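Trainee: prediction below, plus the sequence it came from.
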Amino acid sequence: MKNKKKMDLKEAVDQYIKDGSLLAFSGNVLHRAPMGFIREIVRQGKKNLEVVKTAAAMDVDLLCAFGLVKTVHAGFVSYETKYGLATHYRRGVESGIIQGNEHACYTVICALRGATMNVPFMPVHGLQYGGLLHENDYFMVVENPFEQETAEPVTLVKTLKPHVAVIHVQVCDEEGNAIIEGAKYEDALISRAADKVIITAERVVPAGQLKFQKDKIVIPGFLTEAVVEMPKGAAPCSCEGKYDVNHRDIKAFTEADSTDQLKKWVASYEKQDHGRSYTDRQRGVKS
Amino acid sequence: MKNKKKMDLKEAVDQYIKDGSLLAFSGNVLHRAPMGFIREIVRQGKKNLEVVKTAAAMDVDLLCAFGLVKTVHAGFVSYETKYGLATHYRRGVESGIIQGNEHACYTVICALRGATMNVPFMPVHGLQYGGLLHENDYFMVVENPFEQETAEPVTLVKTLKPHVAVIHVQVCDEEGNAIIEGAKYEDALISRAADKVIITAERVVPAGQLKFQKDKIVIPGFLTEAVVEMPKGAAPCSCEGKYDVNHRDIKAFTEADSTDQLKKWVASYEKQDHGRSYTDRQRGVKS
Amino acid sequence: MYDKSDLMTIVISRLLQDRETVFQGVSSHLPMVAMQLAKALHAPELVQLNIPGGVNPANIRQADYSSAGSDLTRNAESTFPLEEIFDLSMRGKLDVAFLGGVQFDYYGNVNASVIGTYKKPKVRLPGGAGSAVLIPTAKKAIIWRAKHDKRTFVKDVDFITTRGNLWKIVTPLCVFGFNGTNLTLDALHPGVTIEEVQQATDFDLDYQTIYHTEPPTTKELQTLNKIDPKKLRGLEF
Amino acid sequence: MYDKSDLMTIVISRLLQDRETVFQGVSSHLPMVAMQLAKALHAPELVQLNIPGGVNPANIRQADYSSAGSDLTRNAESTFPLEEIFDLSMRGKLDVAFLGGVQFDYYGNVNASVIGTYKKPKVRLPGGAGSAVLIPTAKKAIIWRAKHDKRTFVKDVDFITTRGNLWKIVTPLCVFGFNGTNLTLDALHPGVTIEEVQQATDFDLDYQTIYHTEPPTTKELQTLNKIDPKKLRGLEF
């Protein structure tokens, strides 16, 4: 009963990620994206996924590389300057396979706030001009019903409610209380917006062990559905306090120019991604 | 230049509180209300004030006792069980002097969120039934413009933007970086919702001294307009880590049954409320 | 030996199930104690939420004049502030909310706002605090009320602050349920007769079978006194 | 000796005034360095804001492949996350925002979205990130662009991601201003002629008097090299 939230990676992806799921991922650009979890989504071939994120990079690009993505809701999809553009995402949108729903990062935030508050839309100041407003049906401009005569029109953004938020953290207990070191980005927000929260953690400690660090807990356990222990679970992205980006592995991915090479890239992580659970099973440890 | 935010209590009230101001106060019921600041508002006789708070107690009741309040926007105005009801607030509303704009505590929160986002209203789930919706013009029910045919109507609450948030904290630096120990209540929210933020603090430390506690800073200095050092500034309410409620003084207030007694009660705090600045001036210390 | 506050606290604690998320607000000592009792007895994984944001405070012994103070955060397991508790309920993920009120009618309407009319009240009440949004959205709203008389259980409330997912009303005499349409008499407390309840209630009681509350067990009473030695649960009696 | 990235960084730093709140996003090494430079030289109380939420990071030397990493929080003064920076700008309290873009036209329209049409793009660009809400709401939006050519400064943008409170566009050749109606030529960088800028710009330049950027001072260059020894400001050149 107590530890039922803790499970291995395969089980977590199998149980919680469905074809067509709307997913939210932790981190920002190349930082603390739940890459190990995403690689397992690739291995299990979940399809027609939607992803929502303020600023995405390799997380979205990897899923796009395998044709698993239907729609991306984001303000920015690219590696930063040093690593160039998100080629697979771009090609997908340009060829019409992927719908690129461009937001301002802030309208993503507002759309997720709508989900945390269970309202169908969120008013958003600032998005007053330009093509995003006209081209996209997830924005609307309405009158202010409190002051119809005099007031400025108000832009609304339609709520985006992720089915699952996948959040990689440095440490978490068996009950799902999760500590994030360094930048939190929009992780608290997605943990509240999503219907279900999955934590992948560098280290999973027994329940109660985070008591003396309670002020650092960003996601309380009762919001968490599943906990997966995954050392190096953000690699080759960075994970504050644990490791920085793996330059070589990012390059290996961005320079891969065939499906075969991409598959090999994912396969090269197989042992690392499943490592702890494999070891546990071999030892007969119940976890 | 550097320390221009630090000022004495009289100056802060004189400069920032105007007749008719909409004020937001820190804390909740009998905890960490900025009582010293409110007593100075009484001394200076600021009038026609509006106050917004989720759950208010002595803060609002004190201002009402002196007839300084025009409107209260709150979910709850009362002492807790042990100290009974907010008599002055009640009488004011019952006699028609004070407009008691009843909210759910959550609609206060949503109205303040509207101010943080600079939008004129906020959709709010949950307020679907009852008289509050019908009697108050700050709630409206509209269609969901994204799904007009099929969708549930949506309740909107009109934004409340405080002119000033007055927040009492345990420690703050000269730049206005403020640390709140224990419960934060809605203090971060009001600090973002209000046009101006005034911090009253048990202790004001030199700029830079909170650097090693930066993760505890709830209000960054650039949001703060004025800083007032006020030991015992929440008394007779509680201030976590510093002092608990002063039972005798609360009773003295709730049992006062004449204007004269009420005035004496406020006067009895005069030295304490101005103590530090008086002492500083006598010593010729520049602060 | 037990009194009404002991009984009500124990009855309420029995309503809480393991792993439920449960919220208690201001002026709520009795349910605060009941949550601790449930956790000690049959619901070890209960998630206790409160205004100061302390999730599962280890004890409540310092909360003597307030059920909303920072003492509840001092030895909690994590932090989840009021704003987010409301959001949680809006999303349908708050299992139980404890709320008050001053008048209740047969149709499950709750008044915590005014006696008289809203704009010109004869009596301005403290206000419903979270009620107006939590009673419609929490899965189960539990109301407790230390008084059971005809001014409390009325034919028509003066003002409808809210209604909705009202689940139980626990009084010193009985437990009411709500069937979606009207209040029903769920159970009489030990030694209470149906006539007593009817005499203290201004609407006609709706019941089919008469059930009785199980008296408190020795274990319940012992644990209760250990959890709440200062008898905070009795503050409003 | 200085190159284009040094010059642009110094020009941008001069645009920042003491006590202003200034935001820099992803892929923004050059303005990140400019903010630090301004703080070191003439704006000691500048409030530097960034995506990871580190207010006034003490240094930026570890930010080598990203201007959005946790290194910016490690030795910051306080924390103010992205969500709140946007809210701040919505409230009219963000003084300066640094933003990018791929195409700019005479009328101050910014395109960071697509080449071609939005629904069937020839090239899908990374997206405007914060631009679409920050350019209309920040008091002064500054755009920097490492390229100055006719594909960048176009007659008509393919798509209007946003427009609004555009204040300056800093390029390797010049600084554009915006008078509310159209881009104006504010200043030519040292050694650059008006003809060079016109040849690299697809719309007719609007100017009355020709101003020149003051060349970097020795102090500016020395401080710049101290702040940014790895020359992160040159990453996009």
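Mentor: In hand now; what should we look at? Residues are numbered from 1 along each chain as shown, chains lettered A, B, ... in the order given.

Trainee: show me where the chain has its strands.
Mentor: As the question left the chain open, I've gone with chain A. Remark: strands assigned in chain A by DSSP state E are A:22-25, A:49-56, A:69-77, A:99-102, A:121-123, A:139-142, A:154-158, A:164-173, A:178-179, A:196-205, A:217-219, A:226-229.

Trainee: switch to chain C, that's the one I care about
Mentor: Remark: strands assigned in chain C by DSSP E are C:21-24, C:47-50, C:54-55, C:78-79, C:96-99, C:103-105, C:110-111, C:114-116, C:121-124, C:140-144, C:153-154, C:166-170, C:174-178, C:183-188.

Trainee: OK, contacts around the nearest residue to residue A:126 once chain neighbours are set aside?
Mentor: Of all residues not flanking residue A:126 in the chain, residue D:133 sits nearest, at 3.4 Å (C-beta to C-beta, 6 or more residues apart in numbering or on different chains). Where C-beta positions appear, they are placed from N, C-alpha and C, glycine not excepted. If you count contacts by C-beta atoms under 8 Å, 6 or more residues apart in numbering or on different chains, residue D:133 has them with A:104, A:106, A:107, A:124, A:125, A:126, A:127, D:86, D:89, D:90, D:162.

Trainee: next step: those residues restricted to helices.
Mentor: A:106, A:107, D:86, D:89, D:90 (DSSP state H).

Trainee: what's across from residue C:188 in the sheet?
Mentor: For residue C:188, the beta-bridge partners are residue C:174, residue C:212 (DSSP bridges).

Trainee: list the buried residues for stretch C:34-51?
Mentor: By 16 or more other C-beta atoms under 10 Å in any protein chain shown, the buried positions in stretch C:34-51 come out as C:34-41, C:43, C:45-51.

Trainee: what about residue C:132, how many neighbours?
Mentor: Residue C:132 is flanked by 33 other residues according to other C-beta atoms under 10 Å in any protein chain shown.

Trainee: and for residue A:70, the neighbour number?
Mentor: 17.

Trainee: on that earlier part again, in a markdown table: the contacts of residue D:133, plus neighbour count and pLDDT.
Mentor: Conversion of these to a markdown table gives the following (neighbours: other C-beta atoms under 10 Å in any protein chain shown; pLDDT from 0 to 100):
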| residue | neighbour count | pLDDT |
| --- | --- | --- |
| A:104 | 30 | 96 |
| A:106 | 29 | 98 |
| A:107 | 30 | 98 |
| A:124 | 27 | 98 |
| A:125 | 24 | 97 |
| A:126 | 27 | 94 |
| A:127 | 24 | 94 |
| D:86 | 28 | 98 |
| D:89 | 29 | 98 |
| D:90 | 24 | 98 |
| D:162 | 31 | 95 |
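
Trainee: of all the strands of chain A, which lies closest to chain C?
Mentor: strand A:217-219 (4.2 Å; C-beta to the nearest C-beta).

Trainee: name the helices or strands packed onto the closest one?
Mentor: Strand A:217-219 is packed against strand A:164-173, strand A:178-179, helix A:187-193, with contacts defined by 3 or more C-beta pairs under 8 Å, 6 or more residues apart in numbering or on different chains; DSSP states H and E.

Trainee: Serialize the ones you listed to TSV and add fields for mean neighbour count, mean pLDDT and distance to residue A:77.
Mentor: TSV is the format used below for these (neighbours: other C-beta atoms under 10 Å in any protein chain shown; pLDDT from 0 to 100; distance: least, C-beta to C-beta, whole Å):
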stretch	mean neighbour count	mean pLDDT	distance to residue A:77
strand A:164-173	27	98	17
strand A:178-179	26	98	26
helix A:187-193	24	98	17
